[in-house]
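1. What shape does this take:
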Amino acid sequence: MFVHCLINIDESDRKVLMGICGNPKSTPKDVQKAIGIFHKTGSIKYAQDKLNELSKRAHGCLDVLKDSESKNYLAGLADYSVTRPY
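-> The predicted structure is shown next:
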């Protein structure tokens, strides 16, 4: 997501983002600015789409296994990675 953002960011937002990320003095307001930049560049949607894609692939890989508690656990873990609140 970060790389996607850096590819799609304008120079002024890049300076803001680079000043926030990794800065131990960043405030919650700064973090909200960074999240706004991730939204602005489409990076949040990109990451969500990628999670959905990988979750579907994971479910496909699990299809070859017999039904079991372990299989259900792994399927649930793949689903959770997509639906958990961030």
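2. can we go C-alpha only for contacts and neighbour counts from here?
-> Fine.
3. for the longest helix seen in the chain, which positions count as buried?
-> For the chain, the longest helix by residue count, based on DSSP state H, is helix 43-62. Going by neighbour count (16 or more other CA atoms under 10 Å), the buried part of helix 43-62 is 43-44, 46-47, 51-52, 55, 58-59.
4. For these, give me TSV that also has distance to D10 and pLDDT.
-> Output for these, formatted as TSV (distance: CA to CA, whole Å; pLDDT from 0 to 100):
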residue	distance to D10	pLDDT
S43	13	97
I44	16	94
Y46	17	96
A47	19	94
L51	25	93
N52	27	94
S55	31	95
A58	35	95
H59	37	95
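5. Mind putting these into JSON lines with distance to S12?
-> As requested, those are exported to JSON lines (distance: CA to CA, whole Å):
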{"residue": "S43", "distance to S12": "17"}
{"residue": "I44", "distance to S12": "19"}
{"residue": "Y46", "distance to S12": "21"}
{"residue": "A47", "distance to S12": "23"}
{"residue": "L51", "distance to S12": "29"}
{"residue": "N52", "distance to S12": "31"}
{"residue": "S55", "distance to S12": "35"}
{"residue": "A58", "distance to S12": "38"}
{"residue": "H59", "distance to S12": "41"}
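6. tell me the contacts of A75?
-> By CA atoms under 8 Å, 6 or more residues apart in numbering, the residues touching A75 are 58-59, 62.
7. For K45, which non-adjacent residue is spatially closest?
-> H39 (7.4 Å; CA to CA, 6 or more residues apart in numbering).
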